[in-house]
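Q: build me a structure from this.
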Amino acid sequence: MPQFPQREVEHEIDITAPADTVYRLLAEVTNWPRIFPPTLHVDHLERGATTERIRIWATANGQAKNWTSHRELDPGTRRIGFRQEVTSPPVAAMGGTWIIEEPAPGTSRVRLLHHYRAVGDDPAKLEWIDRAVDENSRSELAALKVNVEKAHAAEEMTFSFEDSVTVAGSAKDVYDFINDAHLWDQRLPHVARVSCEEDIPGLQTLEMDTRAKDGTTHTTKSYRVCFPHHTIAYKQVTLPALMTLHTGRWTFHEENGLVTAVSQHTVTLNADNIGKVLGEGATTAEARRYVHTALSTNSRATLGHAKDFAEAGS
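A: This is a model prediction of the structure:
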């Protein structure tokens with residue numbers, strides 16, 4: 001049977017953001033929850049000077065999935081090569097390259113190259129892959145343009161902070177308190193209602209009503225990726241009015257009988273709602289302080305109850 005050459009295709013789009021910014025957002029996988037709405041969390045499995053293996057958690061049709069990819073990074077030419085480690089029929093092999101060019105200052109041209117083969121070099125299967133790659137590439141580049149431009153424009157509206165507590169106990173006990181979110185309405189005074197589903201071990205869907213200082217409640221929904229007994233990463237997908245992005249992680253480090261438990265947040269403010277929520281004339285700085293205070297208050301309360309739980313040996 002004759003061997004067919006691998007298929008090579010290319011798609012491109014122009015983005016209103018500097019090329020170095022676009023490359024950084026694509027290269028630094030911790031940015032992906034900001035620029036790809038389905039992405040929940042990305043972790044490095046292996047990391048060298050120019051190569052890496054990453055594991056990606058993302059939603060698909062309302063469910064959280066994960067997979068592993070190998071990448072090669074070249075910041076000098078703004079190129080990122082990738083290949084799937086495990087393919088599914090009818091794909092026999094799949095890889096490609098992101099190329100970010102700068103046709104003019106402050107603008108980028110993103111080229112997405114794919115190369116692939118079909119199982120058995122079957123022409124009908126190759127045609128099916130052609131259509132899938134074309135449709136997916138066009139939609140992915142369109143989404144990339146929208147979300148990179150938003151992320152670049154929102155740099156001044158984005159900030160991170162953390163709270164921490166030292167616990168005389170075990171990391172497992174502190175982790176268990178944060179992991180067992182289905183019990184938070186019984187354990188945390190600021191949680192009025194909670195629902196936590198975990199159909200796949202380590203992947204949680206958390207929805208809860210949280211009480212504010214003025215007695216009002218707001219509903220949030222998050223996806224959480226749990227790594228016993230050291231990290232729980234999350235991304236909120238139902239957000240309060242003052243935020244367009246909220247990601248975070250709980251981390252637990254045990255040493256010499258003490259645990260350092262940290263709650264980290266990254267937030268992008270919703271500029272359109274600052275006046276609506278805080279009153280006409282309210283500033284970005286005021287909104288930042290308001291959100292920081294609200295999230296820190298809840299984080300410190302949760303960490304405090306986790307500390308009491310772990311130190312009681314429960």
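Q: how close does the residue positioned nearest the centre of the chain get to Gly95?
A: With distances taken as Cα atoms, centre = their mean, Pro33 lies nearest the centre of the chain, 2.7 Å away. According to Cβ to Cβ, to the nearest Å, Pro33 and Gly95 sit 24 Å apart. To be clear about C-beta, it is placed using only N, CA and C from the backbone, and glycine gets the same treatment.
Q: again with Thr158
A: For Thr158 relative to Gly95 (Cβ to Cβ), the value is 32 Å.
Q: who's more crowded, those two?
A: The neighbour comparison of Thr158 against Gly95 (other Cβ atoms under 10 Å) goes to Gly95, with 17 against 14.
Q: helix, strand, or coil at the closest residue in space to that one that isn't next to it in sequence?
A: Excluding the flanking residues, the one nearest Gly95 by Cβ to Cβ, 6 or more residues apart in numbering is Arg83, at 3.6 Å. With DSSP: H, G, I helix; E, B strand; the rest coil as the basis, Arg83 sits in strand.
Q: run a quick neighbour tally on Arg83.
A: 16.
Q: what bridges to it?
A: Arg83 has these beta-bridge partners by DSSP bridges: His70, Gly95.
Q: just the pLDDT at it, thanks.
A: pLDDT for Arg83: 92.
Q: so which elements touch the helix or strand hosting His218?
A: According to DSSP states H and E, His218 maps onto strand 217-227. For strand 217-227, the elements it packs on are strand 39-47, strand 51-60, strand 203-211, strand 231-238, judged by 3 or more Cβ pairs under 8 Å, 6 or more residues apart in numbering; DSSP states H and E.
Q: 10 Å - rerun?
A: The helices and strands touching strand 217-227, judged by 3 or more Cβ pairs under 10 Å, 6 or more residues apart in numbering; DSSP states H and E, are strand 39-47, strand 51-60, strand 63-74, helix 171-179, strand 191-200, strand 203-211, strand 231-238, strand 243-255.
Q: report the buried residues of it.
A: Residues of strand 217-227 classed as buried: 220, 222-227 (neighbour count, 16 or more other Cβ atoms under 10 Å).
Q: what's the answer for stretch 74-84, then?
A: Buried positions in stretch 74-84, judged by neighbour count with 16+ other Cβ under 10 Å: 78-84.
Q: before we move on, what about stretch 226-246?
A: The neighbour-count check on stretch 226-246 (16+ other Cβ under 10 Å) flags 226-227, 229, 231-237, 239-240, 242-246 as buried.
Q: now the end-to-end length of that stretch.
A: Chord length of stretch 226-246, first to last residue, is 17 Å (Cα to Cα, to the nearest Å).
Q: kindly report the same for stretch 30-46.
A: 15 Å.
Q: same question for stretch 93-107.
A: Counting by Cα to Cα, you get 33 Å between the two ends of stretch 93-107.
Q: check which residues of it are buried.
A: Buried residues in stretch 93-107, counting neighbours by 16+ other Cβ under 10 Å, are found at 94-100.
Q: one more: stretch 279-292?
A: Residues of stretch 279-292 classed as buried under the neighbour-count rule (16+ other Cβ under 10 Å) are 287-288, 290-291.
Q: reformat the residues you listed as a markdown table; add secondary structure and pLDDT.
A: Output for those, formatted as a markdown table (DSSP: H, G, I helix; E, B strand; the rest coil; pLDDT from 0 to 100):
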| residue | secondary structure | pLDDT |
| --- | --- | --- |
| Ala287 | helix | 96 |
| Arg288 | helix | 96 |
| Tyr290 | helix | 95 |
| Val291 | helix | 96 |
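Q: farthest-apart pair in these, please.
A: With Cβ to Cβ as the measure, no two of the buried residues of stretch 279-292 lie farther apart than Arg288 and Tyr290, at 7.3 Å.
Q: quick check: neighbours shared by those two?
A: Counting by Cβ atoms under 10 Å, 6 or more residues apart in numbering, the common neighbours of Arg288 and Tyr290 are 242, 269, 274.
Q: what about the second one, neighbour count?
A: What that stands for is Leu269. By other Cβ under 10 Å, the residues close to Leu269 number 21.
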